[in-house]
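Engineer: predicted model and sequence follow; I will ask about them next.
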Amino acid sequence: MPEASFPTGYQRALVTGATSGIGKAIVLALRDAGLQVIAVGRSPDALAELASEPGVTTLQADVRDSKAFSAALEGLTVDVLVNNAGVLSTRAAFQEIDEAEIDNMIDINLKAPLQLARNVLPGMVERSRGHVFFIGSSAGRAPHPGAAVYGASKAGVSLFCDALRCDLLGTGVRVTEIAPGRVQTQLYRTAMGMQAAGSELYDGYESIQPEDIAQLLLAALRMPAAVDVSRLEVFPTAQAVGGSRMVKTLS
């Protein structure tokens, strides 16, 4: 493994939503940087593929099951937590969505990362080191059409990060929110279908790639222990915040 330039003592990371997109890119980037990585996901096939990677162990779990996480992580030291798992299960006007989707998005996008952070933070505080990352969204910083509940869940994550930093002052534990604009992942494809998402959101646009987010996370993690990058907002050059406005790539 290459020599890591992380603060002293960082050895193990845990990444949720690790089987595709941003999560998978982060798992491999952290592994390549020299950390042991626990990759958490729900797909047995995708986890089996990750398990073949050196330096990566896998954990099949639903992020909403906080008791299962407590049992699985007992006795393990987690120095870096990346709360990446998230869902945009539908993309429609708020009054048109199924009421069950409200609970689904709030449970996965907001409640689950808070519970997991609560699980690992006591150990980080005791060791006087650690870094907790939350993958937020521009939808939590400005209104996006068809994403009212998703945006509300990500706005909750954003404010939580600010409040958590207040609670952790003096402990040596850092908190970073990464709030990207449009990244080329499965998120919208799940809500809209593969063909519709490609046609409306990606074809003709230059989107951020998952590997770009992984490199931003590494940059924040590699800062000296006295430096906490509290929030990183990143957009495609062709996207402006507010209303998710994008322009097609010029030929």
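Structural biologist: Sure, I can see it.

Engineer: which element is residue 119 on?
Structural biologist: Using DSSP states H and E, residue 119 sits in helix 112-127.

Engineer: so for that helix, mean pLDDT?
Structural biologist: For helix 112-127, mean pLDDT rounds to 96.

Engineer: identify the residues contacting it?
Structural biologist: Applying C-beta atoms under 8 Å, 6 or more residues apart in numbering, the set of residues contacting helix 112-127 from outside is 9, 14, 16, 63-64, 66, 69-70, 73, 77-79, 81, 83, 85, 130, 132, 134, 157, 160, 164, 168, 171, 173. Every residue, glycine included, has its C-beta placed from N, CA and C.

Engineer: so among the residues you listed, which ones count as buried?
Structural biologist: Under a neighbour-count criterion of 16 or more other C-beta atoms under 10 Å, the subset of the contacts of helix 112-127 counted as buried comprises 14, 16, 63, 66, 69, 73, 78-79, 81, 83, 85, 130, 132, 134, 157, 160, 164, 168, 173.

Engineer: of the contacts of helix 112-127, which belong to helices?
Structural biologist: 66, 69-70, 73, 157, 160, 164, 168 (DSSP state H).

Engineer: surely residue 59 is in a helix?
Structural biologist: No. Using DSSP: H, G, I helix; E, B strand; the rest coil, the assignment for residue 59 is strand, not a helix.

Engineer: wait, it touches residue 42, no?
Structural biologist: No. Contact criterion C-beta atoms under 8 Å: residue 59 and residue 42 do not qualify, at 10.3 Å.

Engineer: higher neighbour count, the two?
Structural biologist: Neighbours were counted for residue 59 and for residue 42 using other C-beta atoms under 10 Å; residue 59 has more, 17 against 13.

Engineer: so what's that one bridging to?
Structural biologist: residue 40 (DSSP bridges).

Engineer: pLDDT value on it, please?
Structural biologist: For residue 59, the predicted pLDDT is 94.

Engineer: checking residue 25 next. Helix, strand or coil?
Structural biologist: With three-state DSSP as the criterion, residue 25 reads helix.

Engineer: you'd agree it is up against residue 214?
Structural biologist: Yes. If you go by C-beta under 8 Å, residue 25 and residue 214 touch, sitting 4.1 Å apart.

Engineer: neighbours of residue 129, just the number please.
Structural biologist: Residue 129 - counted by other C-beta under 10 Å - has 20 other residues nearby.

Engineer: ah, wrong one, I meant residue 67
Structural biologist: Around residue 67 there are 9 residues (other C-beta under 10 Å).

Engineer: likewise for residue 237?
Structural biologist: Counted with other C-beta under 10 Å, the neighbours of residue 237 add up to 10.

Engineer: circling back: would you mind getting the angle between the helix holding residue 119 and helix 66-73?
Structural biologist: For helix 112-127 against helix 66-73, the angle by axes from the mean of the first three to the mean of the last three C-alpha atoms, to 10 degrees is 40 degrees.

Engineer: for residue 178, what are phi and psi?
Structural biologist: Phi and psi for residue 178, reported as degrees, to the nearest 10, are phi -110, psi 120.

Engineer: now it: closest residue in space, sequence neighbours ignored.
Structural biologist: For residue 178, ignoring the flanking residues on the chain, the nearest one in space by C-beta to C-beta, 6 or more residues apart in numbering is residue 232 at 4.8 Å.

Engineer: show me the shaky parts of this structure.
Structural biologist: Applying pLDDT under 70 to the chain picks out residues 1-4, 185-204, 241-251.
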